[in-house]
Structures are given as C-alpha cells and as structure tokens.
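Compute the structure for the input listed below.
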Amino acid sequence: MSQSVKFWFDVTCPFAWATSRWIKEVEKVRDINVEFVPMSLSVLNDGRDLDEGYANMMQAAWGPARVFAKVATEEPAKVDELYTILGNKVHGEEQGGKKGFGAYDELIKEALADAGLDTSYAEVANTEDADEALRAFHNEAIASVGDDVGTPVIKLGDTAFFGPVITRIPTGEEAGEIFDAAVRLAQYPYFFEIKRSRTENPQVSNR
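As a prediction, the model looks like this:
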C-alpha cells in the first residue's frame with residue numbers, strides 16, 4: 001500500500017529544498033504518494049521583530065508563496081512541478097536570498113512559463129489576493145505540528161514533524177532507508193524530537 005506523504009514548503013527556504021529533493025529521491029525507491037503544499041516563512045514571521053536583512057528577505061518571500069497558494073488552489077497537481085522548476089532556479093542556480101517586495105517577480109514568471117502554467121498567476125505576487133488561501137495552507141501545517149517550527153513540515157501518515165533538516169541529498173537506497181527510519185519514528189506516538197548542532201548549510205547548488 002502506498003505511503004501517504006504531505007510536504008509543506010516555502011520555495012525560498014534552502015532547508016525545505018534539500019529535504020524535498022530527498023523526498024523526490026525516495027519516490028524512485030519506495031511506493032509513496034507525495035502531496036506538496038505551500039506554507040510561508042513570511043506568514044510565520046509576520047509581525048515579529050526581525051533584523052533588517054532577514055526582514056527584507058521575508059518581504060521578498062511573500063511573492064512566490066502567494067503564487068504557490070494561487071496555483072495550489074486552482075491547479076494543485078502542478079505544484080510539485082512548479083516547485084521543482086522554481087526551486088532549481090532559486091537554489092540550484094543560486095538565485096535565492098533576494099530582498100524586498102517583488103524581488104522574485106521575473107523568476108516566478110519564468111518558472112510559470114516553464115511549467116506550462118498561465119503567467120497571469122504571477123499577478124498575485126505583490127497583492128494580498130491570495131493571502132487568505134496562503135494563510136490557510138500555512139495554518140494547516142502549523143496545526144499539524146505546532147508553532148515552534150519553520151519549513152519544511154512533513155506529514156508521514158497521521159504524524160507531522162518539522163524537518164528532517166538535512167544539508168546533503170541522499171540518493172538511491174540510502175534515501176529509502178532514511179525514509180523508512182523516519183516513518184518508523186512517526187509510528188511511535190511518544191517520539192517528538194532529535195536534534196544536534198548543524199555544522200553546514202544545505203549543499204544544493206548545481207554549480
């Protein structure tokens with residue numbers, strides 16, 4: 001029987017990107033059914049006292065998150081493909097870390113076109129038209145796992161966790177074995193957290 005996986009992401013987050021690419025590897029070696037759903041670091045940090053640099057990054061992150069919310073509402077089957085295309089531009093081609101409202105506008109339009117989607121979806125990036133839907137998707141993730149988290153949030157069966165946080169992308173059977181271990185932990189109702197200090201950022205560039 002296929003294993004159900006629900007994966008909430010913010011496309012600007014390199015940690016979510018690394019974990020998502022692991023899940024895409026798992027798809028090759030395990031019978032899983034993955035649903036990619038947007039959440040938003042901009043929503044998560046809305047109203048918080050942030051340093052200027054990070055606050056400007058959160059301004060930029062509103063645009064792509066809103067577009068994903070619109071696409072997820074109207075053409076949910078295209079979210080996976082669009083995430084791969086835009087994520088490759090942002091992380092694989094090292095075009096992330098942008099600052100200020102509208103900073104991702106051109107990348108969004110390029111990705112929509114590459115995914116065969118109507119580029120009019122990009123029009124919601126700098127408006128609040130998709131904010132209700134975006135917050136609903138985001139709040140579903142938070143309700144599943146708790147509020148002391150970021151992205152990604154992954155739900156394995158009935159249990160959701162923040163993470164796993166990885167900096168390299170396992171492939172082949174190793175990807176499958178790590179997934180098996182995560183599923184087994186999720187099956188134990190009293191498991192909550194494993195953590196250690198991180199020594200590197202995600203290594204996901206194509207260059």
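
In terms of pLDDT, where does Arg207 sit?
Predicted confidence (pLDDT) for Arg207: 55.

my bad, Asp148
In the predicted model, Asp148 carries a pLDDT score of 80.

what's the burial count for it?
Each residue near Asp148 was counted by other C-beta atoms under 10 Å, and the total is 8. (Each C-beta comes from the backbone N, C-alpha and C, glycine too.)

quick check: longest helix of the protein.
With secondary structure taken from DSSP state H, the chain has its longest helix at helix 52-74.

Contacts made by the following helix or strand past that helix with the rest, please.
Downstream of helix 52-74, the first helix or strand assigned by DSSP states H and E is helix 79-87. Outside of helix 79-87, the residues that reach it under the criterion C-beta atoms under 8 Å, 6 or more residues apart in numbering are 9, 11, 17, 20, 24, 34, 36-38, 64, 68, 71-72, 107-108, 111-112, 114-115, 117.

Which ones among the residues you listed lie within strands?
Judged by DSSP state E, the subset of the contacts of helix 79-87 located in strands is Phe9, Val34, Phe36, Val37, Pro38.

May I have the residues that are in contact with Phe9?
By C-beta under 8 Å, 6+ apart, the residues touching Phe9 are Ala16, Trp17, Ser20, Phe36, Val37, Pro38, Met39, Tyr83, Thr151, Pro152.

can you pull out the helices in the protein?
Taking DSSP H as the criterion, the chain contains helices spanning 14-29, 41-44, 52-74, 79-87, 105-114, 131-145, 172-187.

doesn't Ile154 make contact with Phe161?
Yes. With contacts counted by C-beta atoms under 8 Å, Phe161 reaches Ile154, the gap being 6.0 Å.

okay, and the common contacts of those two?
Both Phe161 and Ile154 are in contact with Ala182, where contact means C-beta under 8 Å, 6+ apart.

between the two, which one's more packed in?
The neighbour comparison of Phe161 against Ile154 (other C-beta under 10 Å) goes to Ile154, with 27 against 21.

The closest residue to that one other than its chain neighbours: how many residues sit nearby?
Nearest residue to Ile154, sequence neighbours excluded (C-beta to C-beta, 6 or more residues apart in numbering): Phe7, at 5.3 Å. Other residues lying near Phe7 total 24 when counted by other C-beta under 10 Å.

Can you tell me the centre-most residue of the chain?
In the chain, the C-alpha closest to the average C-alpha coordinate belongs to Phe9, at a distance of 1.7 Å (C-alpha atoms, centre = their mean).

which residues does that residue bridge with?
Here Phe9 shows beta-bridge partners Pro38, assigned using DSSP bridges.

so Ser2 makes contact with Glu27?
No. With contact taken as C-beta under 8 Å, Ser2 and Glu27 are classed as non-touching, separated by 10.7 Å.

what about the two, which has more around it?
Higher neighbour count among Ser2 and Glu27: Glu27, with 17 against 9, using other C-beta under 10 Å.

what about the protein, any weak spots by pLDDT?
The chain contains residues with pLDDT under 70 at 207.

Would you mind checking the contacts of Phe9 for buried ones?
Among the contacts of Phe9, those buried by neighbour count (16 or more other C-beta atoms under 10 Å) are Ala16, Trp17, Ser20, Phe36, Val37, Pro38, Met39, Tyr83, Thr151, Pro152.
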